[in-house]
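> model the following, please.
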Amino acid sequence: MNAQLPAAFAEQPLPPWRRAVLKVGSSLLAADGGGLSPRFALGLAQFVSSSLLSGREVVVVSSGAVAAGRAIVPKAAEAGAAIAARQALAALGQAQLIALWQRFFERPVAQVLLTHDDLRNRRRYLNARATLNELLRLGTLPVVNENDTVSVDELKLGDNDNLAAIVAALVDADALFIATDIDGLYTADPRVDARARPLDEVAALTPDILAMAGGSGSRAGTGGMRTKLEAAAKAGAAGIDTYLFNGRSADVVRALAHDRLRGTRIHAAHSRIAARKYWLRHAPVEPGAIVVDAGAMRALLEKGASLLPGGVAGAEGEFRRGDMVEVVCRDAGGERRIAHGISQYSAQDVRRIARHHSRDIEAVLGYNYGENVIHRDDLVLL
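Residues are numbered from 1 along each chain as shown. Got it, this is the predicted structure:
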């Protein structure tokens, strides 16, 4: 008996867009026998080309480097291999990945590799934005990937879905397109639940919507539907709609070139976070935290205050001055995550000036970077 096919997505018009990020996962690029295949990449490249010819701008966030490297040296990383082996595969595969995309375009394809530190450090974050904007101005096609070769946190910023959302905010995109290997978001996994129904539009990412997401859909990729919804939430916080579609369907991809979507549109949040506040909220934080007392928590939450040393109870970890850190409060009710912010002092210095008045900082440390541990402009509430 043949399995019942899931209900089809309705076709809907795409809102106007000028600049977009297209995320393409490993499941669309990996060949069955290893390495990379142009089978599905070709249609996506044609969508990009038609968009560029119409005067639009596109940044591609592409997975696939590790899969490409594994085909070059198939025995380099067996199951459970050390992270260094996977990083070596990424280094081998990056050139193959860029070559795959370059074969489809007459214009130059530019490789941009990003790491945690590029998005955590404000100066490097802004440098990355300036570079991407200049590449677009020059008429190139930027292809972004995580710099797996040097990443130390188990290879990942998280996954390329979330990286694509951060890049979309970085370049002030109007749309985030996520090409996947299923048709869009369903009320349940259509591969196992015949009652699953397609969701053409999602007005808000509620807990019920998030609960509909499953895990990874293929061995080649690392991100499942859950990470795609997390990415949509990040993009939505920056005022960017997300579109999920089946990158394996030639008809669906061709329709995109005519501004028609057969997939799921996830609407952006109604209020747009300013670019700096967005970065503060979503940039990766350093391990550790600044611990504050209940009075400081109230001042931050209710009065819009900066964090002063008098309200600091201590610091955990070994972060440096200028690092992004988490601010937490611990009391009898447990631990509460309050904010992310850029610390003006190192963890060691924070521990030394904790409970002191701001005027005493120089006397305690022998130097002074200002009266605030975290300035209000460098802090976003969670």
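> distance of residue 200 from residue 7?
Distance, residue 200 to residue 7, by C-beta to C-beta, to the nearest Å: 10 Å. For every residue, glycine as well, the C-beta is placed using N, CA and C.
> which residue packs closest to residue 259, ignoring adjacent ones?
residue 14 (4.4 Å; C-beta to C-beta, 6 or more residues apart in numbering).
> which residues touch the one you found?
Residues near residue 14 by C-beta atoms under 8 Å, 6 or more residues apart in numbering: 175, 243, 256, 259-261.
> do you know how far it is from residue 66?
Following C-beta to C-beta, the distance that separates residue 14 from residue 66 is 32 Å.
> and residue 358, by the same measure?
According to C-beta to C-beta, residue 358 and residue 66 sit 49 Å apart.
> in the stretch 101-250 of the chain, which spans are strands?
Residue ranges of the strands in the stretch 101-250 of the chain, as given by DSSP state E, counting those that start in this stretch, are 109-114, 141-146, 175-180, 201-202, 241-246.
> quick one: terminal-to-terminal distance for stretch 358-376?
Distance between the two ends of stretch 358-376: 15 Å, counting by C-alpha to C-alpha, to the nearest Å.
> thought residue 104 was touching residue 42?
Yes: between residue 104 and residue 42 there is a contact at 6.6 Å, judged by C-beta atoms under 8 Å.
> what residues do the two have in common as contacts?
Contacts common to residue 104 and residue 42, judged by C-beta under 8 Å, 6+ apart, are absent.
> before we move on, the earlier item: and the furthest pair within the contacts of residue 14?
175 and 260 (13.7 Å; C-beta to C-beta).
> and the two? Which one has more around it.
It is residue 175, of residue 175 and residue 260, that has more neighbours when counted by other C-beta atoms under 10 Å, with 23 against 13.
> quick one: contacts for that one?
Neighbouring residues of residue 175 by C-beta under 8 Å, 6+ apart: 14-15, 17, 19-21, 168, 240-243.
> of those, select the buried ones using a PyMOL command.
In PyMOL, a selection of the buried entries from the contacts of residue 175 looks like this (16 or more other C-beta atoms under 10 Å):
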select buried, resi 14+17+19+20+21+168+240+241+242+243
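> tell me which of the strands of the stretch 101-250 of the chain sits most buried.
Compared across these, strand 175-180 shows the largest average neighbour count, a mean of 28 (mean count of other C-beta atoms under 10 Å).
> now it against strand 241-246, angle please.
With axes from the mean of the first three to the mean of the last three C-alpha atoms, to 10 degrees applied, the angle from strand 175-180 to strand 241-246 works out at 20 degrees.
> how far out from the middle of the chain is strand 175-180?
Strand 175-180 has its C-alpha centroid displaced from the chain centroid by 12 Å (C-alpha atoms, centre = their mean, to the nearest Å).
> start the count at 58, not 1, going forward
Let's use 58 as the start, then, which means that last one is strand 232-237.
> please save the CA atoms from that strand in PDB.
Listed next in PDB are the C-alpha coordinates belonging to strand 232-237 (Å, rounded to 0.1, in the frame of the first residue of the first chain):
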ATOM      1  CA  ALA A 232      14.000  38.400   3.200                       C
ATOM      2  CA  LEU A 233      15.500  35.200   4.400                       C
ATOM      3  CA  PHE A 234      15.000  32.200   2.100                       C
ATOM      4  CA  ILE A 235      15.800  28.800   3.600                       C
ATOM      5  CA  ALA A 236      16.000  25.900   1.100                       C
ATOM      6  CA  THR A 237      15.300  22.600   2.800                       C
END
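> correct me, but residue 381 touches residue 342?
Yes: between residue 381 and residue 342 there is a contact at 4.9 Å, judged by C-beta under 8 Å.
> tell me which of those two has more neighbours.
For the pair residue 381 and residue 342, the greater number of neighbours falls to residue 381 (21 against 18), based on other C-beta under 10 Å.
> for the stretch 308-439 of the chain, what spans make up the helices?
Secondary structure of the stretch 308-439 of the chain (DSSP state H, counting those that start in this stretch): helices at 332-339, 351-360, 404-410, 418-422.
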